[in-house]
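Asker: this one's structure only:
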C-alpha cells in the first residue's frame, strides 16, 4: 500500500519508474535466481544426480553477469518490456516470440509461488484446508502486485534475496564446521 503511492503511470507500474538502484536491482535478481525453483527443485535434482547438479546454477550466474553488463543500454531504449526491446531491434515476430516465452515462464513461476506459499502456510497452519491454500496465495500475490507493480515486487525481492543469502551462507558455515 505504501509503494502504491509512488505509482502514477504505466512506466511507474511496470518499471518502478526506472528508479531502482543497483542494490535493489541486484537484490531482485538474486531473489529470482535463488527463488522457489531453486529451493524446492534443486535439492531433489542434486539428490538424484549428485555433484553434477552444482553446475546447474552457473547459467543463472552467467545471466546475472550479462544483464549487469547490458542493463544501462537497455534502460535507454524507449520500451517497457523485453518483448518491446526485441521488437525495436528485431521486429514484430521477435516481440511475439518473446511474449509467448515470457508468458510460459511466468505461468511456471506463478505456480511455484502458489505452491511454495501453500506449503509454508500448511506448516504454519496445519488445520487450514489444504485445497484453499494455493488459491489464497494466488489472490494475495495478484493483489500485492496489482497495488504497486514492479516497485513492490523489487523491494520484497531485495529483502528475500538478503534473507536467502544469509541463510545460504549460514548453512555453508554450518556444513564447514560439522563436515566429517
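Answerer: That came through, no problem. On a predicted model such as this, the values are computed, not experimentally measured, just so you know.

Asker: Show me the shaky parts of this structure.
Answerer: 33-41 (pLDDT under 70).

Asker: Identify the residues contacting the residue nearest the centre of it.
Answerer: Geometric centre of the chain, nearest residue: residue 32, 2.8 Å, by Cα atoms, centre = their mean. Contact partners of residue 32, counting by Cβ atoms under 8 Å, 6 or more residues apart in numbering, are residue 157. Placement of C-beta: from N, CA and C, glycine included.

Asker: Would you map the strands across the protein?
Answerer: For the chain, strands defined by DSSP state E do not occur.

Asker: Now do the lengthiest helix in it: which elements does it pack against?
Answerer: Counting residues, the longest helix found in the chain (DSSP state H) is helix 92-124. Applying 3 or more Cβ pairs under 8 Å, 6 or more residues apart in numbering; DSSP states H and E, we find helix 92-124 packed against helix 36, helix 82-90, helix 133-148.

Asker: can you state the direction angle for it and helix 82-90?
Answerer: Computed by axes from the mean of the first three to the mean of the last three Cα atoms, to 10 degrees, the angle separating helix 92-124 from helix 82-90 equals 160 degrees.

Asker: residues of helix 92-124 that come out buried?
Answerer: Of the residues in helix 92-124, 95, 98-99, 112-114, 116-119, 121 count as buried by neighbour count, 16 or more other Cβ atoms under 10 Å.

Asker: Pull out the buried residues from stretch 158-165.
Answerer: 158, 160-161, 164.

Asker: Stretch 76-92 now?
Answerer: 79, 83-87.

Asker: quick revisit: and the buried residues of helix 92-124, which is closest to residue 172?
Answerer: Using Cβ to Cβ, residue 116 comes nearest to residue 172 of the buried residues of helix 92-124, at 22.1 Å.

Asker: and the closest one, how far is that from residue 14?
Answerer: Separation of residue 116 from residue 14 (Cβ to Cβ, to the nearest Å): 24 Å.

Asker: which residue sits closest to residue 3, ignoring its sequence neighbours?
Answerer: residue 148 (3.8 Å; Cβ to Cβ, 6 or more residues apart in numbering).

Asker: quick one: contacts for the one you found?
Answerer: Neighbours of residue 148 in contact, by Cβ under 8 Å, 6+ apart: 1, 3-4, 6-7, 13.

Asker: Is it possible to mark the buried ones in the residues you listed?
Answerer: In terms of neighbour count (16+ other Cβ under 10 Å), the buried residues within the contacts of residue 148 are 3, 7, 13.
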